[in-house]
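1. here's a sequence, model it:
(chains A and B)
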There are 2 protein chains.
Amino acid sequence: MKKYKILANEIIEFIIEKNLKRGYKLPKVNEFQQTFGYGKSTVLQALTLLDQQGIIYKVQGSGVFVRRNPGDLKEYVALTENLGFYSNNQNVKTRVLKLEELRLPPKWAVEKGLPASPCYSVKRIRIKEDGPFVIEHSYYSQQSVPYLSREIVEGSIFSYIRQALGKDIRFSEKYMHVVKLTDEQAEFLQLEENDPALEIKEVFSLSDGQIFDVSRLVYNYKNSKFFSQSSDEILS
Amino acid sequence: MKKYKILANEIIEFIIEKNLKRGYKLPKVNEFQQTFGYGKSTVLQALTLLDQQGIIYKVQGSGVFVRRNPGDLKEYVALTENLGFYSNNQNVKTRVLKLEELRLPPKWAVEKGLPASPCYSVKRIRIKEDGPFVIEHSYYSQQSVPYLSREIVEGSIFSYIRQALGKDIRFSEKYMHVVKLTDEQAEFLQLEENDPALEIKEVFSLSDGQIFDVSRLVYNYKNSKFFSQSSDEILS
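-> Model prediction:
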């Protein structure tokens, strides 16, 4: 990992440990240098990264302030991150409903919105302490993910892709709308038919821009909260 | 507006007009220079901005590609932008339900999650061609927005803040969950009690980092779709 990314993580730890809140004024650049022991340009790069991640904000002539304490959002699904809910929710259990290979004519694959063909079709339910959390139906392109087993999909598929396959997950798009649960979905989520749910279609890409995962997630409205933020200035 | 931002907008227009789709390979930097008539560093800055906005992506040694065509997402509320739905939905009408000044002891203001006191409390319904779209209840701090009238809140309050007050809207945080509509909400949205809805709490800040607007929005599930994306590399 690059030096400024290591420092950025150290500053995040600092914010969480000291329980710093929005508006708290952070030390000056030279104090950061002394406290953390990095060069000036590394400190500046780390602060720029944290600014882009929405953790801090800079006010011209006034200093650098905490924008949000990542520790305060543990219960939320972060929509602008690629990490999935594993990042924040360590206690997620997985129940695998289906794992099968799909081989479709390429034209059909495109029509069905699959990443490519052949692919793996994986259906899982993720369960938190307070019950079933989300139904997840994913298609993984075999071009990018040549092999999946029951054991792998019972854990974190993204960790497997990163660590075992050595591939970088680069970015994602999410398309969302609110729906009423079908009878089958309600049963899996321990809710009632026609209860509300957020349905998210997620499209994930590797570092070469290739789509490797198209997923449809249906969240339990009783135990799911979501968080999103606009990037500072970039998107304004 | 800075030169590279103007060029970035020109490239967006180019992508929309030519109806370019994901994966389309864009011209090389020197071709951009010739076609659009800007210097190399302006082209590189514009491409970096478009990368950060998720419009394009770069592949090392391979070129620059379209990530999304902004024209294809006109129907969506973009959760990672500060622009609100006005940016994409030009045909939104507004019905004002309430406009009043609130003066609360500062401690109460904080407890109620208001930006500050005194503030304006504004309740509106936004209506698209296919019906009521969202119920919006906002609190505007009078420190930042000293005056609001019926006429102003019938239009775009953000345009007023930008143009009449000359202030920059800098960033926002959004907290979301799915709810069942109350009887009153259902009536405003022309839906049934207990129908599903996405409720979003939005917190908006000016360029000095001050919160000027805290809003609660309740969306009609039948005519609302949402879009979010992870920034390229920044957040991965």
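2. what residues go with each domain of chain A?
-> In terms of domains, chain A is parsed into A:3-71, A:74-227 (source: automatic domain parsing).
3. where do the helices sit along chain A?
-> Ranges of helices in chain A, per DSSP state H, are A:3-17, A:29-32, A:40-52, A:106-111, A:150-154, A:157-163, A:183-189.
4. now, of those helices, which is deepest in the fold?
-> Of the helices of chain A, the one with the most neighbours on average (mean count of other CB atoms under 10 Å in any protein chain shown) is helix A:40-52, at a mean of 19. For the C-beta atoms, the positions are set from N, CA and C on the backbone; glycine is no exception.
5. just the CA coordinates for that one, please, in PDB.
-> Coordinates of each C-alpha in helix A:40-52 appear next as PDB, following Å, rounded to 0.1, in the frame of the first residue of the first chain:
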ATOM      1  CA  LYS A  40       4.900  17.000   4.100                       C
ATOM      2  CA  SER A  41       3.900  15.800   0.700                       C
ATOM      3  CA  THR A  42       2.700  12.500   2.100                       C
ATOM      4  CA  VAL A  43       0.500  14.400   4.700                       C
ATOM      5  CA  LEU A  44      -0.900  16.600   1.900                       C
ATOM      6  CA  GLN A  45      -1.700  13.500  -0.200                       C
ATOM      7  CA  ALA A  46      -3.300  11.700   2.700                       C
ATOM      8  CA  LEU A  47      -5.500  14.800   3.500                       C
ATOM      9  CA  THR A  48      -6.600  15.100  -0.200                       C
ATOM     10  CA  LEU A  49      -7.600  11.400  -0.200                       C
ATOM     11  CA  LEU A  50      -9.600  11.800   3.100                       C
ATOM     12  CA  ASP A  51     -11.200  14.900   1.600                       C
ATOM     13  CA  GLN A  52     -12.300  13.000  -1.500                       C
END
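6. rewinding a little: in a markdown table: the domains of chain A, plus distance to chain B.
-> Shown next, in a markdown table, are the domains of chain A (distance: least, CB to the nearest CB, whole Å):
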| stretch | distance to chain B |
| --- | --- |
| domain A:3-71 | 5 |
| domain A:74-227 | 3 |
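7. how about these in JSON lines, adding mean pLDDT?
-> Below are those laid out as JSON lines (pLDDT from 0 to 100):
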{"stretch": "domain A:3-71", "mean pLDDT": "91"}
{"stretch": "domain A:74-227", "mean pLDDT": "89"}
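8. residue A:55 contacts residue A:65, correct?
-> No - counting by CB atoms under 8 Å, residue A:55 sits too far from residue A:65 to count as a contact (10.4 Å).
9. neighbour count: those two, which is higher?
-> Using other CB atoms under 10 Å in any protein chain shown as the criterion, residue A:55 and residue A:65 rank with residue A:55 on top: 20 against 17.
10. show me what contacts that one?
-> By CB atoms under 8 Å, 6 or more residues apart in numbering or on different chains, the contact list for residue A:55 reads A:11-12, A:15, A:66-68, A:70.
11. now the residue of chain A positioned farthest from its centre, what are its backbone angles?
-> Residue farthest from the centre of chain A, counting by CA atoms, centre = their mean, is residue A:61 at 34.2 Å. Backbone torsions for residue A:61, taken as degrees, to the nearest 10, come to phi 80, psi 0.
12. ok, back up a step: which one of the contacts of residue A:55 sits closest to residue B:228?
-> Closest to residue B:228 out of those is residue A:68 (16.7 Å), distances taken as CB to CB.
13. any idea how far residue A:160 is from the closest residue to residue A:161 other than its chain neighbours?
-> The shortest distance from residue A:161 to any non-neighbouring residue, by CB to CB, 6 or more residues apart in numbering or on different chains, is to residue A:167 (5.3 Å). Distance, residue A:167 to residue A:160, using CB to CB, to the nearest Å: 10 Å.
14. swap in residue A:118?
-> Using CB to CB, residue A:118 is found at 18 Å from residue A:160.
15. what do you get for residue A:182?
-> As judged by CB to CB, residue A:182 and residue A:160 stand 30 Å apart.
16. same question for residue A:152.
-> Computed with CB to CB, the distance linking residue A:152 and residue A:160 is 5 Å.
17. what of residue A:127?
-> Using CB to CB, residue A:127 is found at 20 Å from residue A:160.
18. chain center to stretch A:198-206: distance?
-> Between the centre of stretch A:198-206 and the centre of its chain there are 10 Å (CA atoms, centre = their mean, to the nearest Å).
19. contacts for it?
-> Contacts to stretch A:198-206, defined as CB under 8 Å, 6+ apart, come from residues A:82, A:113, A:144, A:167-179, A:211-219, A:221, A:224, A:226, B:57, B:176, B:178, B:198.
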